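Colleague: just coords:
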Ligand SMILES: C[S@@+](CC[C@H](N)C(=O)[O-])C[C@H]1O[C@@H](n2cnc3c(N)ncnc32)[C@H](O)[C@@H]1O
C-alpha cells in the first residue's frame, strides 16, 4: 500500500473515532520504569494515547504519525488536558529518528522490521524502548491477519538484540488461553 493510501485509510478511521486514546498495556504496566525527565517519542502514534501518558509523566514528548487527522486529534487532546505534546505528521520509514536522540521511545501496534536498527540507535545511553504489538499465535480474531504485521515467537526479543531486557511478556497458546495477555508481545528494553 502506498503512503497516500495508508494516510487516507488511517485519516478515515481517526475522523470517526471519538474515543480518548489509551496508552498501550506495556507502557501502563511498566510506567514506573520511566525516567523523571528526558525526551520521549510516541512513534506511529495515531491519536497518541502513549504520548499523552508520557507527557503526563513530565517528559518532553514528541509524537509522529503519517495521519494528519490522528495528529490533529492528538494535539487537540493534549491542549484540552493542558499537556504539551509536539505532534508531527511524519513518514517514519523514510524519516526515522536520528541516532542518539531520545530517552524513551514507545511503539504500539506498528511493525516495520526494517526500522529496528534505527530505533535502537535512536536511544540515548540508558534510553528505554517500550514495544507492544500483535503476535502470530493469537487465539482471538483481533488485529491484522497479514503475517507481515505479526510477530513470530521470540521475534521481538531478536529484533531488540543489543538492549538490556527489563520486561518481556509473550504467553503463546499454552494453558488456559481465555486468561492472560495472549494476542500481543510486549517488551521494555534499555539501551547501553
Ligand atoms: C494500528 S495504528 C497504531 C496507532 C497507535 N500507536 C496505537 O497504538 O493506537 C498504526 C499507525 O501507524 C501509522 N503509520 C503507518 N505507516 C506509517 C509511516 N510510514 N510513518 C508514520 N506513521 C505510519 C498509521 O497512520 C497509524 O496511525
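Modeller: Received the coordinates, thanks. As the structure is a prediction and not an experimental result, all values here were calculated from the model.
Colleague: rest of the way, CA atoms for contacts and neighbours
Modeller: Will do.
Colleague: Looking at the longest strand seen in the chain now, give me its mean pLDDT.
Modeller: Identified as the longest strand of the chain according to DSSP state E is strand 123-134. Strand 123-134 shows a mean pLDDT of 98.
Colleague: Give me the residues contacting that strand.
Modeller: For strand 123-134, contacts defined as CA atoms under 8 Å, 6 or more residues apart in numbering pick out 24-27, 34, 99-111, 120, 143-144, 149-151, 183-192.
Colleague: likewise stretch 63-78?
Modeller: Taking CA under 8 Å, 6+ apart as the criterion, the residues outside stretch 63-78 that touch it are 3, 6-8, 10-11, 14-15, 41-48, 51-52, 84-92.
Colleague: Which members of these occur in strands, if any?
Modeller: The strands, defined by DSSP E, take in 41-43, 85-89 from these.
Colleague: Is it possible to get JSON lines of those that adds neighbour count, distance to residue 168 and pLDDT?
Modeller: Written out in JSON lines, the entries for the ones in strands among the contacts of stretch 63-78 read as follows (neighbours: other CA atoms under 10 Å; distance: CA to CA, whole Å; pLDDT from 0 to 100):
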{"residue": "41", "neighbour count": "27", "distance to residue 168": "20", "pLDDT": "98"}
{"residue": "42", "neighbour count": "27", "distance to residue 168": "19", "pLDDT": "98"}
{"residue": "43", "neighbour count": "23", "distance to residue 168": "20", "pLDDT": "98"}
{"residue": "85", "neighbour count": "26", "distance to residue 168": "28", "pLDDT": "98"}
{"residue": "86", "neighbour count": "17", "distance to residue 168": "29", "pLDDT": "98"}
{"residue": "87", "neighbour count": "27", "distance to residue 168": "28", "pLDDT": "98"}
{"residue": "88", "neighbour count": "19", "distance to residue 168": "29", "pLDDT": "98"}
{"residue": "89", "neighbour count": "17", "distance to residue 168": "30", "pLDDT": "98"}
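Colleague: Quick one: residues contacting the most centrally placed residue in the chain.
Modeller: What sits nearest the mean C-alpha location of the chain, by CA atoms, centre = their mean, is residue 107, with 1.6 Å. Taking CA under 8 Å, 6+ apart as the contact definition, residue 107 lies against 42-45, 129-132.
Colleague: Turn those into a markdown table, including distance to the ligand.
Modeller: As requested, the contacts of residue 107 are exported to a markdown table (distance: CA to the nearest ligand atom, whole Å):
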| residue | distance to the ligand |
| --- | --- |
| 42 | 7 |
| 43 | 7 |
| 44 | 4 |
| 45 | 4 |
| 129 | 14 |
| 130 | 11 |
| 131 | 10 |
| 132 | 8 |
